[in-house]
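*Asks:* From the sequence below, what's the structure:
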Amino acid sequence: MKILKIENGNGFFRVEESSEWQQIDVIDKNGLLKLLDLFLGKDVEMDSPEDFPISNQAHSIIYRSIHEKLSSLVDDKKRFKDESERMYLEEIKKYSNL
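*Replies:* Model prediction:
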């Protein structure tokens, strides 16, 4: 699912596959939390601001900030999953054999 896109020099987001794209400058706390939840829970796509120019200054600042924060979580997400699996491996094995 694509959660961030750049179109016609503006940034857009959506928090559900069936929802309309909204301009990035109207995002609020709930929208950010939903984006984060989607990012952590599903495979999502985001247009890179390096690949698509954003001419709207406000959109550029907000979009780049959100994109950067979510992108930095990719490595942390993988590391956290690996650590969690190692940490609970014995318990998983123990209760899987019941």
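
*Asks:* what sits against the residue sitting nearest the centre point of the chain?
*Replies:* Relative to the mean C-alpha position of the chain, the nearest C-alpha, by Cα atoms, centre = their mean, is the one of Phe39, at 3.4 Å. Residues in contact with Phe39 (Cβ atoms under 8 Å, 6 or more residues apart in numbering) are Ile3, Leu70, Leu73. Heads up, the C-betas are built off the backbone N, CA and C, glycines and all.

*Asks:* most neighbours, which of the residues you listed?
*Replies:* The most crowded member of the contacts of Phe39 is Ile3, carrying 22 neighbours; neighbours defined as other Cβ atoms under 10 Å.

*Asks:* if you skip the residues just before and after it, what's nearest to it?
*Replies:* Of all residues not flanking Ile3 in the chain, Val44 sits nearest, at 4.8 Å (Cβ to Cβ, 6 or more residues apart in numbering).

*Asks:* burial measure for that neighbour, as a count.
*Replies:* Counted with other Cβ under 10 Å, residues neighbouring Val44 total 14.

*Asks:* hang on, it packs against Leu38?
*Replies:* Yes - using Cβ atoms under 8 Å, Val44 and Leu38 qualify as a contacting pair, with a distance of 5.6 Å.
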